[in-house]
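**Student:** Have a look at this fold, sequence not included:
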């Protein structure tokens, strides 16, 4: 992103035409980032609550006063209840290796607070992927131009990864076929050559059905499988029961389509599968990713550039995580709290000793993005809970805070960034000084550490010093890249082979215990786990539930076939994709993005369902189940399967009629692996208001 | 919601937009190009690429320009897709100059 400014005023932003991946384009989410920076609703000074909790009434205070109050309250809590009564809550609302995922981890590990287990995004898929092929960047997104058969599985590329699309389109020009597997005919599915409208929560069955056909029809690359995989015989035996007919019954697809997919993936080499985060958000999401991760090795697509699997390029970046996480600060008996459980954690419905007495939220907005919204609100209303929120805006969560602290936007801070979507390391130059009294998260935690009396040198490091230590500069991927060059150019491709040659697993070399693609996963013996990266660097106290070492299908817990009693009351399956114009709930308050998204929360129904419940397009409807309710404007289209409704997330409850949004009805139940959520596994009823 | 081509394109048709549009949502006739609003992903890449400033977010259009929203919506689906840059129309440079650009 290139920032145009007059003095210290950001006038506009634009893409960098020299960037080989973004090619000068931004996207609808950040095209007008200046409106976020300059927004009159920005929080620019520390605030203390002056009205009842949740009222949004605040008075300006000074930074010294705010920090002193927080430190005094926390020291008192530590003395009377112990530090585990304090809980950090954060994710990636602010991006960057310094200011993003891990910015508070060293501080809270030193404090001895409850450890925040953040399984918001791809944790389940990461656990499954790690078990099967290990920490690998997978296919270079730019190598897709060489792919002959591209499967976008649970991924709405044009809304959430739009810079990848030209590489996919180039592949199509060279003869590739583009397939989208999604219950909803998204804008990406509309542009695909084949849309596979799968029933929500059944992707694992489809993957096993594809594997069945590969073995049955002799489509397996026997040489690749013999050299670079383990467990093929057991996998074939497991897949035997998933005939196209059985899988068709489960997925709502035709047997012929399942055979077509298997044949396409096997015979149009190199074939590639791109999985989106949505894949894990179902009860069997982990095992679905296990099964999908087996497919490229079965058909030998890893042999050539553009063949294999793409999940997260994150793994290509040699980040020096340890310097930010500081797991060495963690005491002998820490307590881990998963962030999806915030509602029951705060209300006390989850028994905790000590109970949580203080919550600090940064880079996150759980009232908008975490499940069981009404329960979270009930917890945040507790008079004895001391809540601190660092934010840009008075979000649905910040409204409940006792102290709100002003945070800088990306253009007001310096950082270094890995990527979720390409192989370029990026540098976030600071374009303007912080507005008002806003501070970067790094500075926030320097101030808190000083007030809490933490004297470890890591707590006084400047941003410049942190940037210098942010990467493992000796790693081969960084050879030839200097900080000076990075700061000047803004980006640098990792020192990996060019996309035209990059085939990291042409000869196996998987980062698994065996070095092979493990159809039968040896890591399953230790049971379920969450990667330490998502738990402030802590690897202990894993849940360890048994994990079948072979992929299998786990049915949705809330579906008409598996739970007919619930479906009798709540007959429709809800899916909650990301909004085209928002980034989770970020930008959900900005006029430009809301106009593009639609000013009001929509819910999308099939015409048959609309007719059944007496709903016409434009009706105001109520979507509800036993967990809660929210209101939406009905859209009626055949783009969604009958029996399924779509409600994109990101709208703010405080800006919505009825004061609730999509997560009022979602469950905090985990998927099978990595404590992923089950947001695609929710039954609801829809009625006219 | 989408971006919209307006009258500055008429009789110019420089078509640099075609090089940046990731979803090929431009369509053309003998005088100008149009955006298919159902396929536009609102990336704004074309706005800076257009040498005559003909393209904008539909929400930014003044009252005298808003009729172009419907013209784009009506025309684009009826016309061939623009898949690559074409030669500008004869007189495009003169028209650009006349526009003060």
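**Tutor:** Happy to help now that I have it. Every value quoted in this text rests on a predicted model; they were computed, and no experiment measured them.

**Student:** and chain B, which of its residues are near chain A?
**Tutor:** B:1, B:20, B:22-24, B:38-39, B:41-45, B:48-49, B:57, B:59 (CB under 8 Å from any CB of the partner chain). Every residue, glycine included, has its C-beta placed from N, CA and C.

**Student:** Write the PyMOL selection for whichever of those are buried.
**Tutor:** Typed into PyMOL, the next command selects the buried ones out of the residues of chain B next to chain A (criterion: 16 or more other CB atoms under 10 Å in any protein chain shown):
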select buried, chain B and resi 1+20+22+23+24+39+41+42+43+44+45+48+49+57
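
**Student:** Just the ones in strands from the residues of chain B next to chain A, please.
**Tutor:** Assigned to strands by DSSP state E, the following of those qualify: residue B:57.

**Student:** Just the ones in helices from the residues of chain B next to chain A, please.
**Tutor:** Mapping the residues of chain B next to chain A onto helices (DSSP state H) picks out B:20, B:45, B:48-49.

**Student:** what's the most distant pair in these?
**Tutor:** Across these, the longest distance by CB to CB is 8.3 Å; it joins B:20 and B:48.

**Student:** which residues are common contacts for those two?
**Tutor:** Contact with both residue B:20 and residue B:48 is made by residues residue A:24, according to CB atoms under 8 Å, 6 or more residues apart in numbering or on different chains.

**Student:** For the closest residue to chain B within the stretch 351-500 of chain A, which non-adjacent residue is spatially closest?
**Tutor:** Residue nearest to chain B within the stretch 351-500 of chain A (CB to the nearest CB): residue A:421, separated by 13.7 Å. Distances taken as CB to CB, 6 or more residues apart in numbering or on different chains place residue A:161 nearest to residue A:421, at 5.5 Å, with adjacent residues excluded.

**Student:** Pretty sure that neighbour sits against residue A:155.
**Tutor:** Yes. Counting by CB atoms under 8 Å, residue A:161 touches residue A:155, with 6.9 Å between them.

**Student:** Between the two, which is the more surrounded one?
**Tutor:** Counted by other CB atoms under 10 Å in any protein chain shown, residue A:161 and residue A:155 do not tie: residue A:155 has more neighbours, with 24 against 21.

**Student:** first to last residue in stretch B:54-70, what's the distance?
**Tutor:** End-to-end distance for stretch B:54-70, by CA to CA, to the nearest Å: 15 Å.

**Student:** what packs against the helix or strand harbouring residue A:631?
**Tutor:** Here residue A:631 is covered by strand A:628-636, with elements defined by DSSP states H and E. Strand A:628-636 sits against strand A:602-605, helix A:607-612, strand A:620-625, with contacts defined as 3 or more CB pairs under 8 Å, 6 or more residues apart in numbering or on different chains; DSSP states H and E.

**Student:** on that earlier part again, you'd agree the residue of the stretch 351-500 of chain A closest to chain B is in a strand?
**Tutor:** No. Per DSSP: H, G, I helix; E, B strand; the rest coil, residue A:421 lies outside any strand segment and is coil.

**Student:** mind listing what it touches?
**Tutor:** If you count contacts by CB under 8 Å, 6+ apart, residue A:421 has them with A:21, A:141, A:161, A:163-164, A:313.
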